[in-house]
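Colleague: I need the structure of the sequence given here:
(chains A and B, ligands or ions: 1)
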Amino acid sequence: MRDVAVVGFAQRQMQDFDGSPTCVELLVPVFKECYEQTGWTRRDIGFWCSGSSDYLAGRSFSFVQAVDAIGVIPPVNESHVEMDLAWAMYEAWLKIQTGEVDTALVYAFGKSSAGVLRRTLGLQLDPYTMTPLWPDTVSLAGLQARAGIDAGLWDEQAMAEVALRSLTDAEKNEHAVRRGGSSVPELLARPLYADPLRKHDCAPVTDGAAAIVLAAGDRAREVRDRPAWLSGISHHIDPMSMGTRDLTRSPSAARSAAALDLTGVDVAELHAPFSHQELVLHRELALADDVRINPSGGALTGNPMFSAGGIRVGEAARRIWAGESDKALAHATSGPALQQNLVCTLGAATGSTTGGHR
Amino acid sequence: MPRTLSAPVTVAFDYTRSTGPVLGRFFTGLRDGVLVAGRTTDGEVVVPPPEYDPVTHEPTTEFVEVSPVGSVTSWTWVSEPVAGQPFDRPFAFALVLLDGATRPFLHALDVASPAEVTTGMRVQVRWRAERTGSITDIEAFEPAADGDGDGDERADGVPGTPRTTLDPVTRIVTPVALDYTYAASPEESAFYRGLAEGRILGQRCPTCAKVYVPPRSACPADGTPTTDEVELAQTGTVTTFCIVNVPFLGQRIKPPYVSAYVLLDGADIAFLHLILEVPAEEVRMGMRVEAVWKPREEWGTTIENISHFKPTGEPDAAYDTYSQHL
Ligand SMILES: [Zn+2]
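Modeller: Got it, this is the predicted structure:
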């Protein structure tokens, strides 16, 4: 295994991006920040990979236009995943492992506000038996939240506590689109939106873009005194159908965590777009009680589609660079009700958890 | 004035899908008013039947009929329905464990308020009168007629052989339509606003000096934001073209006609438009053309303000002047 680290990270999150769904205008400054952090130009990047969705953009091959933001003379080594930034990063990590390249810039973008996001995401579902009913993302999460409440695994109070901590932590995050803690009783007094969910239990519709720079070995050491070494990556998937899994659990998250060495993790950035999903993940990842969860505020305070999972990786990396964490966990999810989960560990020390790459 | 122009756009497509033998059986059942479940090797009875066994990965071959009556295992309230959902007024989505099944089934539950739903309540299928073999043949679940929540009335799943049918459902048609507010980039917005004034605007890359029309937010060659606005000539050169002979849905001009790339004088990228007022067979690479605008009262912020391009009558442009744009 080659030692690969996160050495650059930039993000933009906003409620409504006033520009085209290709997000080129947004990506140019995001890339600029990555170049400034690394001291590199686009010619120092060995591999590019993006995450986005044509369904958000409402046009085909939307990622091809986004390539304008790179500049492609001379031609670049480029790929795309119809997935979150975290999975684009996984592809880039693999590319670096092949030895073909030493550096990669992965990015993602999406203008969620162009359509009705919770409806647009209905196209992620089984097209025969689910999509024709248009069960929206929020409703599916509501079914999951109720299942856990009825099973006695959490209650609305516990969900409000997650929301409160997120909103309070987001006060220190300049990128958050929702912030400002009040109190659990105040949150519980707010009206129900998708019973048993209130609006603060659901991630806000968010536009945005983000980018992560990866580098191997000495290329990473050129850039940072404390690169955030990716010591393990693992991802798994559960059935898409809501009926064939226990919605109070996330076996794919547990299995991803089991493949990694989580000893010594002190910070965890979890991609939980609904408050109860953080509670599911906390249990499935078997995190110790003293692990700091989502110091960024997490997805409840800003959830740009196709960037938000990767932003968890970037936020975790920033803690390592700053010396605030020695070992951090980052998690990304995709699909309905925590269907797919990617977990990775980042640390100040090199050395891969080979178990993560089975 | 907002920074960018936007307009509503609907993207719609009817997907025709073959069902295969497993879902075909399920949809045939729905059309005939029967709920068909699949039995898996780990003993689960699942509706809709999974196409492949989750343990052995073999195709599902064992089917059983389950009851149209069952119990709610989870529910949520849809206070703000979106287009396409089973109801355009508030309703519930529910997971329902049908009697005879071991895994719950997702569908809508038609009640007037969340106060009328509880986990465990007894519900029954309300069939649509006209059924075609699709998931929407079930209009919704509704509270069971004798719904006292007493599980004693549960029928066991009817085991063995569901009825056979002479005309199984083998395909379904699913219309999908998504609505967007489509926004142009700031540079594209300037382009469209220019068209509303009878001008053709491009953007110049400050790094390589290339001029793009319609403008791009960043230079695709070097990634630099294109900061300088440039007004282009209304004349240009045909770089390449095709003669459209094939009629198609939505066509506005009777074939044959010419669709061509026109390199406007001063631009470094060609754009696509129509060449009219000349017989199709006379259009050629290098032909000099000029924009023909619609009457001013018909203008909007659209490329359609330019009706088409027509020959200027000048001598053809030298090949060298457009050879880099083919
Ligand atoms: Zn340029």
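Colleague: need the residues that contact stretch B:192-205.
Modeller: The set of residues external to stretch B:192-205 that reach it, using C-beta atoms under 8 Å, 6 or more residues apart in numbering or on different chains, is B:5, B:184, B:187, B:190-191, B:210-216, B:219, B:221-222, B:224, B:226-234, B:264, B:266-267, B:291, B:293, B:296, B:299-303, B:305-306. Backbone N, C-alpha and C define where each C-beta goes, glycine included.
Colleague: got a list of what the residue lying closest to B:L23 once chain neighbours are set aside touches?
Modeller: If the residues on either side of it in the chain are set aside, B:L23 comes closest to A:Y128, at 5.4 Å by C-beta to C-beta, 6 or more residues apart in numbering or on different chains. When contacts are counted by C-beta under 8 Å, 6+ apart, A:Y128 is found next to B:17, B:19, B:23, B:27, B:48, B:135, B:172, B:174.
Colleague: give the buried subset of the residues you listed as a PyMOL selection command.
Modeller: With 16 or more other C-beta atoms under 10 Å in any protein chain shown as the burial test, the buried ones among the contacts of A:Y128 are selected in PyMOL as follows:
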select buried, chain B and resi 19+23+27+48+135+172+174
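Colleague: which other helices and strands does the helix or strand containing B:L95 contact?
Modeller: Under DSSP states H and E, the secondary-structure element containing B:L95 is strand B:91-98. For strand B:91-98, the packing partners by 3 or more C-beta pairs under 8 Å, 6 or more residues apart in numbering or on different chains; DSSP states H and E come out as helix A:137-150, strand B:69-78, strand B:105-109, strand B:138-143.
Colleague: can you rerun that using 7 Å?
Modeller: Using 3 or more C-beta pairs under 7 Å, 6 or more residues apart in numbering or on different chains; DSSP states H and E as the contact test, the elements touching strand B:91-98 are helix A:137-150, strand B:69-78, strand B:105-109.
Colleague: if we can go back for a sec, so which of the contacts of stretch B:192-205 belong to strands?
Modeller: Cross-referencing the contacts of stretch B:192-205 with the strands (criterion: DSSP state E) gives B:211-212, B:228-231, B:264, B:291, B:293, B:306 as the overlap.
Colleague: run a quick neighbour tally on B:P168.
Modeller: Neighbours of B:P168 under the rule other C-beta atoms under 10 Å in any protein chain shown: 16.
Colleague: I'd guessed it sits against B:G29; true?
Modeller: No: taking C-beta atoms under 7 Å as the contact criterion, B:P168 and B:G29 are not neighbours in contact, 9.8 Å apart.
Colleague: excluding its backbone neighbours, what's nearest the residue in the stretch 1-150 of chain B that chain A sits nearest to?
Modeller: Evaluated by C-beta to the nearest C-beta, the stretch 1-150 of chain B has B:T76 as its residue closest to chain A, separated by 2.8 Å. Sequence neighbours aside, A:G142 is the residue nearest to B:T76 in space, at 2.8 Å (criterion: C-beta to C-beta, 6+ apart).
Colleague: per-residue confidence for the one you found?
Modeller: At A:G142 the predicted local distance difference test score is 98.
Colleague: same for the worst-scoring helix or strand of chain A on mean pLDDT, what does it pack against?
Modeller: Across the helices and strands of chain A, the lowest-confidence element by mean pLDDT, DSSP states H and E is helix A:62-66, at a mean of 90. Under the contact criterion of 3+ C-beta pairs under 7 Å, 6+ apart, the helices and strands touching helix A:62-66 comprise helix A:24-38.
Colleague: and the next helix or strand past the helix it packs on?
Modeller: Using DSSP H and E, the helix or strand that follows helix A:24-38 in sequence is strand A:47-51.
Colleague: helix or strand right after that next one?
Modeller: Per DSSP H and E, the first helix or strand lying C-terminal to strand A:47-51 is helix A:54-57.
Colleague: list the buried residues of that following helix.
Modeller: Within helix A:54-57, the residues that qualify as buried are A:55-57, counting by 16+ other C-beta under 10 Å.
Colleague: how far away from the center of its chain is that helix?
Modeller: Helix A:54-57 has its average C-alpha position 18 Å from the chain's average C-alpha position, going by C-alpha atoms, centre = their mean, to the nearest Å.
Colleague: ok, how many other residues are close to B:A7?
Modeller: There are 12 residues near B:A7, going by other C-beta under 10 Å.
Colleague: got the contact list for it?
Modeller: Counting by C-beta atoms under 7 Å, 6 or more residues apart in numbering or on different chains, B:A7 makes contact with B:Y182.
Colleague: tell me where the stretch 151-300 of chain A has helices.
Modeller: A:156-169, A:184-188, A:217-223, A:251-258, A:275-284 (DSSP state H, counting those that start in this stretch).
Colleague: my guess is A:E269 contacts A:I293, does it?
Modeller: No: counting by C-beta under 7 Å, A:E269 sits too far from A:I293 to count as a contact (8.1 Å).
Colleague: let me see the contact set for the most centrally placed residue in chain A.
Modeller: By C-alpha atoms, centre = their mean, chain A has its centre lying nearest to A:G309, at 0.5 Å. With contacts defined as C-beta under 7 Å, 6+ apart, the neighbours of A:G309 are A:84-86, A:271, A:332-333, A:342.
Colleague: please repeat the previous calculation with a cut-off of 10 Å.
Modeller: A:51, A:83-89, A:108, A:210, A:269-271, A:273, A:299, A:303, A:330-334, A:340-342 (C-beta atoms under 10 Å, 6 or more residues apart in numbering or on different chains).
Colleague: if I look at it, how far off is A:N294?
Modeller: Taking C-beta to C-beta, to the nearest Å as the criterion, A:G309 is separated from A:N294 by 13 Å.
Colleague: list residues touching both of these two?
Modeller: Shared contacts of A:G309 and A:N294, counting by C-beta under 10 Å, 6+ apart, come down to A:269-271, A:331.
Colleague: give me the subset of those residues lying in strands.
Modeller: For the shared contacts of A:G309 and A:N294, the ones inside strands are A:269, A:331, with DSSP E as the criterion.
Colleague: can you put the shared contacts of A:G309 and A:N294 in TSV and add distance to A:A104, neighbour count and pLDDT?
Modeller: What follows is the shared contacts of A:G309 and A:N294, written out as TSV (distance: C-beta to C-beta, whole Å; neighbours: other C-beta atoms under 10 Å in any protein chain shown; pLDDT from 0 to 100):
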residue	distance to A:A104	neighbour count	pLDDT
A:E269	20	28	98
A:L270	24	26	98
A:H271	21	29	98
A:H331	21	28	98
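Colleague: circling back to that earlier point, okay, and the common contacts of B:P168 and B:G29?
Modeller: Common contact partners of B:P168 and B:G29 (C-beta under 10 Å, 6+ apart): B:G133.
Colleague: roughly how far apart are A:M240 and A:Y128?
Modeller: A:M240 sits 11 Å away from A:Y128, taking C-beta to C-beta as the criterion.
Colleague: closest point of the stretch 1-150 of chain A to the ion, which residue?
Modeller: With C-beta to the ion as the measure, A:G71 is the residue of the stretch 1-150 of chain A nearest to the ion, at 7.1 Å.
Colleague: now do the contacts for the nearest residue to that residue once chain neighbours are set aside.
Modeller: The shortest distance from A:G71 to any residue that is not its chain neighbour, by C-beta to C-beta, 6+ apart, is 2.8 Å, and that residue is B:G223. Residues near B:G223 by C-beta under 10 Å, 6+ apart: A:24, A:27-28, A:31-32, A:35, A:41-42, A:67-73, A:76, B:205, B:207.
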